[in-house]
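J.: my questions concern the predicted model and sequence given below.
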Amino acid sequence: MSRAPARRWIGRWLLVVGVLHTLLGIGTYIFSVVAVVREGLWNTVEAVQGRPLAFWFIAAGLQLILLGALASWIEAREPLPRFLGWTLLAFAAGGIVLLPVSGFWLLLPPATGILARRAPRTSSGPVAGLDHVQLAMPPGGEEDARGFYAGLLGLSEVPKPEPLATRGGCWFEGSETILHLGVENDFRPARKAHPALLVTDLEACRATLAAAGAAITPDHSLPGVRRFYTADPFGNRIELIQAEDGFSRR
């Protein structure tokens, strides 16, 4: 049975908790907040009893908001590091022991959510990772390649090394993506073998390709995996997957 793809909920959870914590702090200590603002902010907290507690309560909420925003940014690109899960779990456990009736319980779901996700893949062999993917293209197709891979998919063309430049073709790079197109005189498009590219907004990508006249082949064979197939100008099959649904993100 295939494993359901991980959703980007942990950062959003922390954002919501941070917003609620901040609003609760402002509401609870509204008189202190108003007084601090009226007195001009500078050095108005420490001198009055009760204000340091109000400050740190609200500051903790703002820090949770920042942590949630950072976690959301990371989740869109890769799984959250497990040390963050252990840190949140230890912080929540310590807070619960000292203050059982508190919001520390709200840190348990994201902490366990991070730790429940599959650990990063490792290999006992010499292969350390995937460096790049190469597709074939016919001679003279460089402009068409640029129009599709750079113009429609948003990848950046990078110059080929001097010893390889005379062979033709194009090299493209993007976030965690290196894609090479090499000239093949007896070219035949790859209609089965294909690269699968992660995209941040699958529907926007679909609309862009469709508007350019590219063929779109939907695929709903895997529940919870949002993806479709298209073809480059040479007929090479290309799979596009919503970033957080990709197999490398599980």
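T.: Alright, I've got the coordinates. Residues are numbered from 1 along each chain as shown.

J.: the helix ranked longest in the chain - contacts with which helices or strands?
T.: Looking across the chain with DSSP state H, the single longest helix is helix 51-75. Under the contact definition 3 or more CB pairs under 8 Å, 6 or more residues apart in numbering; DSSP states H and E, helix 51-75 sits against helix 10-28, helix 30-38. The way it works is simple: take the backbone N, C-alpha and C, and place the C-beta from them, glycine included.

J.: any chance of those in JSON lines, plus mean neighbour count, distance to E173 and mean pLDDT?
T.: Shown next, in JSON lines, are the helices and strands packed on helix 51-75 (neighbours: other CB atoms under 10 Å; distance: least, CB to CB, whole Å; pLDDT from 0 to 100):
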{"stretch": "helix 10-28", "mean neighbour count": "18", "distance to E173": "26", "mean pLDDT": "94"}
{"stretch": "helix 30-38", "mean neighbour count": "14", "distance to E173": "48", "mean pLDDT": "90"}
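
J.: ok, which of those comes nearest E157?
T.: Minimum separation from E157 across those (CB to CB) falls at helix 10-28, 32.3 Å.

J.: from the chain's centroid, how far away is the closest one?
T.: With CA atoms, centre = their mean, to the nearest Å as the basis, helix 10-28 stands 22 Å off its chain's centre.

J.: next: stretch 94-111.
T.: 27 Å.

J.: likewise stretch 30-38?
T.: Relative to its parent chain, stretch 30-38 has a centroid offset of 39 Å by CA atoms, centre = their mean.

J.: please point out which parts of the longest helix of the chain sit buried.
T.: Within helix 51-75, the residues that qualify as buried are 51, 54-55, 57-58, 61, 64-65, 67-68, 71-72, 74-75, counting by 16 or more other CB atoms under 10 Å.

J.: what about that helix, average pLDDT?
T.: On average, the pLDDT along helix 51-75 is 92.

J.: that older thread, I'd like the helices and strands packed on helix 51-75 laid out as CSV, including distance to A150.
T.: Listed next are these as CSV, based on distance: least, CB to CB, whole Å:
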stretch, distance to A150
helix 10-28, 30
helix 30-38, 50
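
J.: so which of those gets nearest F172?
T.: Taking CB to CB, helix 10-28 is the member of the helices and strands packed on helix 51-75 nearest to F172, at 29.3 Å.
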